[in-house]
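# Just to be clear, the model below is a prediction. Sequence and coordinates:
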Amino acid sequence: MAPPVGKRVKGVQVFRPFIYGTTAKPFDEKTNPKPAGVPDDHTHSWTVFVKGIDDVDIIYWLRRVQFKLHESIPNHVRMVEGEKGKPFIVQETGWGEFEITMKLYYVPESGEKPQTLYHHLRLHPYGRTEEEKEAMRVNGEGVISWVYEEQIFNEPYEAFYDVLTSGAMPNTTTTTTANDKRGGKGGKGGGGAKTKGGDKKEDGPKRSEGGVLEHSAMIPLLNRPGHPFSRETEQLEIKKLKDALVKVEDMTKKLADDLKKKEERLQQLKRQEAGEA
């Protein structure tokens, strides 16, 4: 591929959020019947995907995705071309878990080399506690193993920078009416660009509460069914981290106090031993 014509935009980063992962469901006669022709030993149907936050299109920066599955699966290397309104997705059936390799190919204007991601297919409930595993069994959505990621383009070529920041658009399923200011701005400098110091410059079109704008660096404001990544989730995670930090600080203080008492007791015993001697 010929290198892009033009210069790089110095001191600028442009980021774009996306999701990748797998969703798996066990075969069940009522909710997920096994299709004809599926091998008898296959216990689950599953999908692996790469898609935009809130299902917005990302094909303006991501051209195709290569999925490398387990070698026992027929045609185990799948190349999926980007289609407007559709995620990059592979659907399969099976019985075992394995690591999936996903290779991201960017649009020609980017001049960027492909990037490789790795993801472990989860067929069975997982979690830190039995309660979390049980919740996954009964939620009816199957076993969800999704990852939120941000693709960062460092000092992109001018042509690609124009593609990334050419103007945020309302999602085709969203009406933009609220007064949130995150999003891209027509021309250079918008759509989730970062200056050399790291500050994000985001202003421009408005979005409805919970939704995002296409060609932007937004994530939804609120959680909705099927869309677990949002500012709401981010704030909940931050709160969990702050609460955990308080607990760690309390534990550290308690350990320090216990250590101080033990050291004082040790010095006391040493003085007693010296006096007896």
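That came through, no problem.
# Just the helices from this structure, written as ranges.
130-138, 158-164, 231-276 (DSSP state H).
# Tell me the helices and strands packed up against the first one.
In this structure, helix 130-138 makes packing contacts with no helix or strand, judged by 3 or more CB pairs under 8 Å, 6 or more residues apart in numbering; DSSP states H and E. Quick note: C-beta positions are derived from backbone N, CA and C, even for glycine.
# all strands of this protein, in order?
Here the chain has its strands, by DSSP state E, at 13-26, 44-52, 62-68, 77-81, 88-94, 99-106, 115-120, 143-154, 169-170, 193-194, 200-201, 213-214.
# I'd guessed residue 97 sits against residue 124; true?
Yes - using CB atoms under 8 Å, residue 97 makes contact with residue 124 at a distance of 7.5 Å.
# Neighbour count for these two, which is higher?
residue 97 (19 against 13; other CB atoms under 10 Å).
# quick one: that one and residue 119, what's the gap?
The gap separating residue 97 from residue 119 is 11 Å, by CB to CB, to the nearest Å.
# still on that earlier bit, can I get the helices of the chain in a markdown table with distance to residue 57?
What follows is those, written out as a markdown table (distance: least, CB to CB, whole Å):
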| stretch | distance to residue 57 |
| --- | --- |
| helix 130-138 | 30 |
| helix 158-164 | 13 |
| helix 231-276 | 21 |
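# hang on, the earlier thing: can you tell me which of the strands of the chain the model trusts least?
Mean pLDDT per stretch puts strand 200-201 lowest among those, at a mean of 46.
# ok, back up a step: any idea which of the helices of the chain is most buried?
Of these, the one with the most neighbours on average (mean count of other CB atoms under 10 Å) is helix 158-164, at a mean of 20.
# Going by contacts, tell me the helices and strands next to it.
Judged by 3+ CB pairs under 8 Å, 6+ apart, the packing partners of helix 158-164 are strand 13-26.
# Would you mind putting the CA coordinates of the strand it packs on into CSV?
Presented in CSV, the C-alpha positions along strand 13-26 are these (Å, rounded to 0.1, in the frame of the first residue of the first chain):
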residue,chain,number,x,y,z
GLN,A,13,-3.7,12.3,19.3
VAL,A,14,-7.2,11.3,18.1
PHE,A,15,-9.0,8.5,19.9
ARG,A,16,-12.0,6.4,19.0
PRO,A,17,-13.8,4.1,21.4
PHE,A,18,-14.9,0.6,20.4
ILE,A,19,-15.9,-2.8,21.9
TYR,A,20,-14.7,-6.3,21.2
GLY,A,21,-15.5,-9.6,22.7
THR,A,22,-17.7,-12.7,22.7
THR,A,23,-21.2,-13.6,23.6
ALA,A,24,-22.2,-17.3,24.1
LYS,A,25,-25.4,-19.2,24.8
PRO,A,26,-25.9,-22.9,25.6
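# That strand - contacts with which helices or strands?
Packing partners of strand 13-26 (3+ CB pairs under 8 Å, 6+ apart): strand 44-52, strand 115-120, strand 143-154, helix 158-164, strand 193-194.
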